[in-house]
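> Could you work out the structure for the sequence below:
(4 chains)
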Number of protein chains: 2
Amino acid sequence: MSRLSPTARVILGLLRLGPHTGYEIKQTTDRSTRFFWGASYGQIYPELRRLEEAGLAVAAEQPRGGVRRRVYRITPAGEQAVQEWLTGDDDEFGVRDEGLLKLFFGAALDGEELAELVRRRRAFFEEVAAHFRGIGEELGPLDNPSAEVLTYGIGLMDWNAAWWAALEERIGTGPDGVSPRSG
Amino acid sequence: MSRLSPTARVILGLLRLGPHTGYEIKQTTDRSTRFFWGASYGQIYPELRRLEEAGLAVAAEQPRGGVRRRVYRITPAGEQAVQEWLTGDDDEFGVRDEGLLKLFFGAALDGEELAELVRRRRAFFEEVAAHFRGIGEELGPLDNPSAEVLTYGIGLMDWNAAWWAALEERIGTGPDGVSPRSG
DNA sequence: CAATGCATGTAATAGGTTACATGATTTC
DNA sequence: GAAATCATGTAACCTATTACATGCATTG
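Below you'll find the model as predicted:
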């Protein structure tokens, strides 16, 4: 019972909710987990084959007209693997933020350049927050754990937007603000 | 003037602040940018060679006793590359959060298992927040853009801890909470 | 003198994206 | 009949971590 690879975790999690083709898995992850756990075709198709080989999923050829189509279903062994993963306690967490990296090196920027970076970053998070709110309105009110993650995304983007907005203020207000190369 | 690779961005940013060996770059990133932009030896040493080859950095052999030692300095071309990168507007942002992924599939967990996941996650963020606060106390009060990113880290960890704590409350309080498989 | 820290490097492995190739079906 | 969508797959490439090998210098 070897450990599930990162992409296997989303795939098997989705297969638990019902049969999917590789294509559908890509669509679904793009619309749901993408923000905190993405998957690309280059990972999905080979991984589905591996899951099949490992007995965690089974594929059925279900062509639609002349279109080749492999629908995958989870097996009992797959269900068990999902349970084991879900109840395990080794949970990865990571942030990759180039705006923050630039801010860290911000002393190399003049006042106007720094202000532009901060403004751009605030705007970015505001846009993403608005985008997530749009998704929330499309879906309507939901009451399950999956819906919580959308709330999380909105909250996180709001928090980021507010943080950069606060920094924007501090920069604009003289000696107590951050100290760029020149003012 | 080709684009800087991800690891080249931190390296060159640090070299701009002064000469460094590969070893020092690893130490410094581990203590500063690691949270949002890491670097490993397997990337650092080959990248330093590439930067040298590209004329963005120069190395000087400065052995300490019998210990081989290559100290890298940034070149004018390197300074320019940093400026171009810093003022560019294509800033990567990404989150990887396995706790969130598990929560997304949380309907597969019973009440107790879900509660345990949420509790563990809250505790994790509280610990990291405390860790960052410790770093802040070590450093003392600072007044430059670099210090802002520590404030960010503390704030983000606090926000996450609070979010999971709030979820913990919602789960504990009956019909308005999330809906696990049972319980 | 043992342990730790300074220092450089590589090989194996993992994980990932992007772009491309291919072709049928559905919708406008 | 053109464009979009459904559908599968791979090759090239990039990015990264981990573990290992090596050896000197410093500190206790």
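
> alpha carbons only for contacts and neighbour counts from here, please
Noted.

> ok, now which ones touch A:G22?
Counting by CA atoms under 8 Å, 6 or more residues apart in numbering or on different chains, A:G22 makes contact with A:41, A:44-45, A:48, A:70-71.

> A:Y23: neighbour count?
Neighbour count for A:Y23, taken as other CA atoms under 10 Å in any protein chain shown: 15.

> let me fix that: A:G65
7.

> And for A:A54?
Counted with other CA under 10 Å, A:A54 comes out at 14.

> Would you quantify the distance from it to A:P6?
A:A54 sits 16 Å away from A:P6, taking CA to CA, to the nearest Å as the criterion.

> Please identify the residues of chain A in proximity to DNA strand C?
Within chain A, the positions adjacent to DNA strand C are A:5-7, A:38-43, A:64-67 by CA under 7 Å from any atom of the strand.

> Just the buried ones among those, please.
A:7, A:38-40 (16 or more other CA atoms under 10 Å in any protein chain shown).

> secondary structure element for A:D30?
Assigned by DSSP states H and E, A:D30 falls within helix A:22-31.

> Could you tell me the angle between the helix or strand just after that helix and helix A:22-31?
Once helix A:22-31 ends, the next helix or strand along the chain (criterion: DSSP H and E) is helix A:41-53. Helix A:41-53 and helix A:22-31 are oriented at 120 degrees to each other (axes from the mean of the first three to the mean of the last three CA atoms, to 10 degrees).

> what comes up buried for the helix or strand just after helix A:41-53?
Next along the chain after helix A:41-53, taking DSSP H and E as the criterion, comes strand A:57-61. Within strand A:57-61, the residues that count as buried by 16+ other CA under 10 Å are A:57-59.

> ok, so of those, who is nearest B:P141?
If you rank those by distance to B:P141 using CA to CA, A:A57 comes first, at 55.2 Å.

> ranges for the strands of chain A?
A:57-61, A:70-74, A:93-97 (DSSP state E).

> what is the mean pLDDT for the second one?
Taken as a whole, strand A:70-74 has a mean pLDDT of 98.

> do the last one as well
In this model, strand A:93-97 has a mean pLDDT of 98.

> In CSV, could you pull the C-alpha coordinates for that strand?
Written as CSV, here are the backbone C-alpha positions of strand A:93-97 (Å, rounded to 0.1, in the frame of the first residue of the first chain):
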residue,chain,number,x,y,z
PHE,A,93,1.4,23.4,3.0
GLY,A,94,3.2,25.9,0.8
VAL,A,95,3.0,29.5,-0.5
ARG,A,96,4.8,30.8,-3.6
ASP,A,97,4.5,34.6,-3.9
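
> Before I go, just wanted to say thanks for your time.
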